[in-house]
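Participant: Using only what follows, build the 3D model:
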Amino acid sequence: MKVNKILVSQPQPANGKSPYYDLAHKYGVELIFRPFIKVEGVSARDFRAQKINLPEYTAVIFTAKTAVDHYFRLCEENRFAVPATMKYFCTSDSVANYLQKYIVYRKRKIFASTTGKLDGLQAQLVKNKAEKFLLAVSDVNTGGDAAYLEALKLNFSRAAMYRTVSNDFAPDEPFDYDMLVFFSPQGIESLMKNFPDFKQGNIAVATFGLPATQAAKAAGLRVDIEAPTEKAPSMAAAMAQHLAKTNAPEDSEDDA
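Facilitator: Just a heads-up that it's a prediction; the model follows:
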């Protein structure tokens, strides 16, 4: 079945550049960027209820840019001036570089994982095991990172600094899509919350990552497109493979 309209459950790219736009042009589809979920910061009051005393910690662990934003927000709201001696452990170069939004990067002790996970920081974490670590996470963090830190016998506390909630649809908001693209289990949960009587029919469902795929199948959805795979390392690549079968490229020409 030809795909005409796709809902990508992510914010619209800020710079106007995205491989999704290339797909829209090539296959003549309409793209709607509309997150099913949104992030809300934990209030200073709820944060204090976790019994986290910010000045006690000498190092902080970040697994996402969102965690960086809410850590520094909560520090400000709790009137805690982050000392220049604070050490930062990040699960990627991208997260580490994002710290420049809040600190003078070259004057701080910052460590970045080469694997995208905490295991890429093992040597640095063990070398600094005398520090007291703060693991900045969301309220839906499953605890895998905490278990890893426990295995390394580190002195740390887990702090929920933000939460993921459903980004509800308005009653008159149209829902006439031929493809839905999900990146998290929370997105699937939001779909079912907003549309409890949802019938998939011919709507193609695309999922990125095993957690999103498992959540979709558990909700009774048919997953038509999965990423990443060996042949489709990105969601855009996986969508392109599907659209190549359903939609003739807009710029294709009939053979002479």
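Participant: Going by C-alpha atoms from here, please, whenever you check contacts or count neighbours.
Facilitator: OK.
Participant: pLDDT score for Thr142?
Facilitator: pLDDT, Thr142: 59.
Participant: now do Glu250
Facilitator: Note on Glu250: pLDDT of 58.
Participant: I'd like the numbering to begin with 50 instead of 1 from here.
Facilitator: Let's use 50 as the start, then, which means that last one is Glu299.
Participant: helices or strands up against the longest strand that the chain contains?
Facilitator: Assignment by DSSP state E gives strand 204-215 as the longest strand of the chain. Here strand 204-215 touches strand 86-90, helix 93-97, helix 114-126, strand 181-187, helix 234-243, going by 3 or more C-alpha pairs under 8 Å, 6 or more residues apart in numbering; DSSP states H and E.
Participant: what's the angle from the last one to strand 204-215?
Facilitator: Between helix 234-243 and strand 204-215, the angle formed by their directions is 30 degrees, by axes from the mean of the first three to the mean of the last three C-alpha atoms, to 10 degrees.
Participant: ok so, going back, who wins for proximity to Gln290 among the helices and strands packed on strand 204-215?
Facilitator: helix 234-243 (22.6 Å; C-alpha to C-alpha).
Participant: any idea which helix or strand comes after that closest one?
Facilitator: For helix 234-243, the following helix or strand on the C-terminal side (DSSP states H and E) is strand 253-257.
Participant: Listing request: residues of the stretch 150-299 of the chain with sub-threshold pLDDT.
Facilitator: Under the criterion pLDDT under 70, the flagged ranges of the stretch 150-299 of the chain are 190-192, 298-299.
Participant: Can you check the pLDDT for the residue nearest to Lys156 when sequence neighbours are not counted?
Facilitator: Nearest residue to Lys156 in three dimensions, chain neighbours excluded: Ala133, at 7.8 Å (C-alpha to C-alpha, 6 or more residues apart in numbering). Here the pLDDT value assigned to Ala133 is 92.
Participant: quick revisit: looking at the helices and strands packed on strand 204-215, which one is packed in the most?
Facilitator: Counting by mean count of other C-alpha atoms under 10 Å, strand 181-187 has the highest mean neighbour count of the helices and strands packed on strand 204-215, with a mean of 22.
Participant: if we can go back for a sec, could you report the distance from the residue nearest to Lys156 to Ala253?
Facilitator: From Ala133 over to Ala253 the distance is 50 Å, taken as C-alpha to C-alpha, to the nearest Å.
Participant: the more surrounded of these two?
Facilitator: Ala253 (20 against 11; other C-alpha atoms under 10 Å).
Participant: The nearest residue to the more buried one once chain neighbours are set aside - how many residues pack around it?
Facilitator: Of all residues beyond its chain neighbours, the one nearest Ala253 is Met228 (4.5 Å), with distances taken as C-alpha to C-alpha, 6+ apart. For Met228, the neighbour count with other C-alpha under 10 Å is 22.
Participant: Spit out the contact partners of Met228.
Facilitator: Shown in contact with Met228 (C-alpha atoms under 8 Å, 6 or more residues apart in numbering): 52, 54-56, 252-255.
Participant: ok, of those residues, which one's closest to Leu203?
Facilitator: Set against Leu203, the nearest of the contacts of Met228 by C-alpha to C-alpha is Ala255 (38.6 Å).
Participant: Is it correct that the closest one is in contact with Val230?
Facilitator: Yes: counting by C-alpha atoms under 8 Å, Ala255 touches Val230, with 4.7 Å between them.
Participant: what's the helix or strand for the residue nearest to Lys156?
Facilitator: Using DSSP H and E, Ala133 sits within no helix or strand.
Participant: wait, doesn't it sit right on Arg157?
Facilitator: Yes: Ala133 lies in contact with Arg157 (C-alpha under 8 Å); the separation is 6.6 Å.
Participant: Tell me the secondary structure at Ala63.
Facilitator: For Ala63, the assignment made with DSSP: H, G, I helix; E, B strand; the rest coil gives coil.
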